[in-house]
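1. coords please:
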Amino acid sequence: MNKHPVTNPSLLLSLRDGENQQAWNEFVEIYAPLIFGHCCNRGLQHADALDVTQEVLLTVSRWICRFEYAPSKGRFRHWLLKVTRSKLSNYFRALSRHRQLCSLATVDEEEMESDAWDTQLAEWERDYRGHLFKWAAARVRDEVTDSTWNAFVATTFEGMSHQEAASALGMSLGAVYVARSRVRTRLRQVLASREGHA
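-> Coordinates of the predicted model:
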């Protein structure tokens, strides 16, 4: 995966078609956890983070019909972070107006604003890559057999050698190599389908 992958413009262009529910579902699966996690990291409680996430998604749904892919204007995800920060600012402003009623706020708007853009952007990009990988892994997991997936997990995440995985899973050594390669190749394909290369 690229250090800073670019959102595939085909997904964004598909969203312009208001009837394309599959594209919208895919967009929400990838980006809603990113937005929600960012809100939680800024101190929002679960329900409030969900509300702000919905506000951001509503903004995207209103804006996307005017979307035109122009890499020279910047990355879509950077715009999405700006929208998220704006909605968070609105949340903290509303909270400060009702501070007597809401004494549980642990983070205020000034704290959020003092959190440097570069720091938030680096966190946003890291979280995006993690959410995108989880999304792709869930799709690939549904496409392969249990033994293929287990061989991949054992040799990639559990630190087993191919020989150890073969022994533990009752597979031949060759089958473990093939399984790991097959899953890695498919993961790269799924990830590439959601990343632009501009």
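2. Pull the residues that contact stretch 145-164.
-> 140-141, 144, 165-166, 168-169, 171, 173, 175-177, 179-180, 182-184 (Cβ atoms under 8 Å, 6 or more residues apart in numbering). Yep, even glycine has a C-beta here, placed from its N, CA and C like the rest.
3. again, only this time at 7 Å
-> Stretch 145-164 is contacted from outside by 141, 165, 168-169, 171, 173, 176-177, 179-180, 182-183, using Cβ atoms under 7 Å, 6 or more residues apart in numbering.
4. now swap in stretch 183-194 and tell me
-> Under the criterion Cβ under 7 Å, 6+ apart, residues 1, 8, 11, 30, 132, 136-137, 139-140, 143-144, 148-149, 152 lie in contact with stretch 183-194.
5. Mind giving me the ChimeraX command for buried ones among the contacts of stretch 145-164?
-> Of the contacts of stretch 145-164, the buried ones go into a single ChimeraX selection, burial set by 16 or more other Cβ atoms under 10 Å:
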select :141,165,169,171,176,177,179,180,182,183
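6. how about the contacts of stretch 145-164, which pair is most distant?
-> Spanning the widest gap among the contacts of stretch 145-164 are R141 and L173, at 22.9 Å by Cβ to Cβ.
7. How many residues are close by R62?
-> R62: 9 surrounding residues under other Cβ atoms under 10 Å.
8. which of the contacts of stretch 183-194 tops the neighbour count?
-> F152 (24 neighbours).
9. secondary structure element for it?
-> helix 146-156 (DSSP states H and E).
10. likewise S10?
-> When elements are assigned from DSSP H and E, S10 belongs to helix 9-15.
11. I'd like to check what contacts that helix. Which residues are they?
-> The contact list for helix 9-15 (Cβ under 7 Å, 6+ apart) reads 20, 23-24, 26-27, 64, 67, 69, 76, 194, 196.
12. quick one on the thing from earlier: buried stuff in the helix holding F152?
-> Within helix 146-156, the residues that qualify as buried are 148-155, counting by 16+ other Cβ under 10 Å.
13. hmm, back to that, and the contacts of stretch 183-194, which two are the farthest apart?
-> Farthest pair in the contacts of stretch 183-194, by Cβ to Cβ: L11 and T148, 27.3 Å.
14. mind listing the helices for this structure?
-> Here the chain has its helices, by DSSP state H, at 9-15, 21-41, 46-63, 76-97, 109-114, 117-143, 146-156, 162-169, 173-193.
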